[in-house]
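> Fold the stuff below for me.
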Amino acid sequence: MSDVPTIVTRDEAVAFLDARIGHGMKPGLERIIGLLDLMGDPQLVFSIIHVAGTNGKTTVTRLVGDILGAHGYRTGTFTSPHLHRVEERISIDGKPLTGEAFAAAVADISWFVEEYERRSGSGVTYFELTAALAVSTFAASAIDVAVVEVGLGGRLDATNAVVSDVAVVTGIAMDHVEYLGATIAEIAAEKAAIIDNDGTVVTGPLPPAAEGAVTARVAETKARWFRSGDDFVVSAETVAVGGWVVDIEGVYAPYADLYLPVHGRHQVTNLATAIAASEVFLDHALDEDALRTAVSATVQPGRIEVVGRRPLVIVDGAHNQQGVEGLAEALVSEFPEEAYQLVVGLRGSRSAAEILVPLQGQIAHVWACAPNDPAAQDPASVAVEAVSVLGGEATVIAAVPDALAAAIEAAGSKGAVVVTGSLYVAGEARAAVVGTEYVPSGVHVRYEAQVDLRYE
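Down below sits the predicted model:
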């Protein structure tokens, strides 16, 4: 039998996770299923809403968590990656774990992790460990429902060890082609694999090329399918101060004049998907007051987030072309500036030239940098590619905070800066301007006197 690791402090807990970074990315479910089995399958004691998609997963996950929390359900959310600290990935009732709670949670499962690795001879990956940590924390916290975001794809993602009450596919576009396939149809099949037998699925807007794969999975699983455009729709939207005012025809009822304090027209679509997912989970219309409270208080850090005013500074974790398209549209429709100082850094194998095309005509100068990450791209290469599609000139300043400081100085008090290319870059830039904290929505309520009959 393996010894129990000594984990008392947050630093010791982080070190325990970081020791698995070297195990790399290993698609497959055998390790997470084996680990959860050894842990007693904690994922079986609460309901689950499972969220996949190319973009919008974190937003939809948080919105669903807030909506259900405002309806009196105790919720847990699991998202990835994190902006500043790994604890942000796991929230209970809308609040990320504290450092102390995180350390205790890691200590609780550390023996199981090391014992599984000893028995199997296979190292658990960082993401698998965070997923196991999340479901263990949720079980220990006696939540009613977990809203779980897929890390990559769906079929072989560690989160697919769960069986969901509702599966959500926010949308499908080209991304992670080295893992998910070279076509929309192939990527759609990977993401639709989270739909379980006799389950329920909610899909946001899908490109025509994705329809066949999702239709085939629905037929195979005999799932109920609620589709954007058919079963729910955004019926009206208006740009407002700090966000949007939205009317949505839901699955069970219409909801009018919802204030969504988030920038980007695509976030309106994400809201519609989140409302539909919440409705079908509850199997009835939402309480309008609870919904209005949840939506108006939502917090989405690092998603077209304004972190400075003089100059205007916007950080956005967009990391693929569809994400940058949403950012570019927001810059035109919701902000007065015409030319931005662009701070951009990428990780992995993505092409800066392909990703940044939507920003053509909006950028005055490029400041190329690199996140503090082993997979960061060479900022000099990013600069060359960025200029090839955006024109103008680029300056290479490797450290994100330094590149941001130079861009802010160049913008002057009346100018504007936008930071994008990676959530890691957005996180480092956000930390440099406003710090690493953000205030959760605070809308979660708990009616202890109520009994949820599904658990009798």
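> and Gly99, how many neighbours?
15 (other C-beta atoms under 10 Å). Where you see a C-beta, it was placed from the backbone N, CA and C, and this is true even at glycine.
> Any idea how far stretch 26-40 is from the middle of the chain?
When C-alpha coordinates are averaged (C-alpha atoms, centre = their mean, to the nearest Å), stretch 26-40 and its chain have centres 22 Å apart.
> right, I mislabeled it, should have said stretch 12-23
Relative to its chain's centre, stretch 12-23 lies at 22 Å (C-alpha atoms, centre = their mean).
> May I have that stretch as CSV, with CA atoms only?
The C-alpha trace of stretch 12-23 is given here as CSV (Å, rounded to 0.1, in the frame of the first residue of the first chain):
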residue,chain,number,x,y,z
GLU,A,12,1.8,21.5,-1.0
ALA,A,13,-1.6,20.8,-2.8
VAL,A,14,-0.5,22.8,-5.8
ALA,A,15,2.8,20.8,-5.9
PHE,A,16,0.9,17.6,-5.8
LEU,A,17,-1.1,18.6,-8.9
ASP,A,18,1.9,20.2,-10.6
ALA,A,19,3.8,16.9,-10.3
ARG,A,20,1.4,15.4,-12.8
ILE,A,21,2.0,18.1,-15.5
GLY,A,22,4.8,16.0,-16.8
HIS,A,23,2.3,13.2,-17.6
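> Ala146 sits in which helix or strand?
Assessed by DSSP states H and E, Ala146 sits inside strand 145-149.
> packing partners for that strand?
strand 47-52, helix 57-70, strand 75-78, helix 126-140 (3 or more C-beta pairs under 8 Å, 6 or more residues apart in numbering; DSSP states H and E).
> How far off centre is that strand?
12 Å.
> Rounded mean pLDDT for it, please.
Average pLDDT, strand 145-149: 98.
> repeat for stretch 293-307
If you average the pLDDT values across stretch 293-307, you get 96.
> Phi first, then psi, for Cys369.
phi -140, psi -170 (degrees, to the nearest 10).
> Could you list the low-pLDDT ranges of the stretch 1-150 of the chain?
Low-confidence segments of the stretch 1-150 of the chain (pLDDT under 70): 1-3, 23-24.
> quick revisit: CA-only coordinates of the strand holding Ala146, as PDB, when you get a sec.
Extracted as PDB, the C-alpha positions of strand 145-149 are listed here (Å, rounded to 0.1, in the frame of the first residue of the first chain):
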ATOM      1  CA  VAL A 145     -26.300  19.300  -9.300                       C
ATOM      2  CA  ALA A 146     -22.900  19.700 -10.800                       C
ATOM      3  CA  VAL A 147     -22.400  21.700 -14.000                       C
ATOM      4  CA  VAL A 148     -19.200  20.200 -15.600                       C
ATOM      5  CA  GLU A 149     -17.300  21.700 -18.500                       C
END
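> The very next helix or strand once past that strand: how far from the chain's middle?
Per DSSP H and E, the first helix or strand lying C-terminal to strand 145-149 is strand 166-169. Centre-to-centre, strand 166-169 and its host chain are 14 Å apart (C-alpha atoms, centre = their mean).
> Over to stretch 268-276?
Worked out by C-alpha atoms, centre = their mean, stretch 268-276 lies 14 Å from the chain centre.
> And the contacts of stretch 36-49?
With contacts defined as C-beta atoms under 8 Å, 6 or more residues apart in numbering, stretch 36-49 is touched by 64, 76, 109, 112, 115-116, 119, 132, 135-136, 138-140, 143-148, 161-168, 277, 281, 454.
> Apply the buried test to these and list what passes.
64, 76, 109, 112, 115-116, 132, 135-136, 138-140, 143-148, 161-162, 164-168, 277, 281 (16 or more other C-beta atoms under 10 Å).
> Which one, of the helices and strands packed on strand 145-149, ends up nearest to Arg350?
With C-beta to C-beta as the criterion, Arg350 lies closest to helix 57-70 of the helices and strands packed on strand 145-149, at 17.4 Å.
> tell me which strands and helices that closest one is in contact with?
Helices and strands touching helix 57-70, as assessed by 3+ C-beta pairs under 8 Å, 6+ apart, comprise strand 47-52, strand 75-78, strand 145-149, helix 265-282, helix 288-296.
> Contact partners for Ala101?
By C-beta under 8 Å, 6+ apart, the neighbours of Ala101 are Glu87, Thr137.
> Am I right that it is in a helix?
Yes - looking at Ala101 with DSSP: H, G, I helix; E, B strand; the rest coil, it is inside a helix.
> distance of it from Arg10?
10 Å (C-beta to C-beta, to the nearest Å).
> Same check on Leu35?
Counting by C-beta to C-beta, the gap from Leu35 to Arg10 is 22 Å.
> Not counting sequence-adjacent ones, nearest residue to Glu142?
Check again: residue 142 is Ala, not Glu. Closest residue in space to Ala142, ignoring its immediate chain neighbours: Arg74 at 6.9 Å, by C-beta to C-beta, 6 or more residues apart in numbering.
> so Thr238 bridges to which residues?
Val245 (DSSP bridges).
> Quick check: it touching Val245?
Yes - if you go by C-beta atoms under 8 Å, Thr238 and Val245 touch, sitting 4.8 Å apart.
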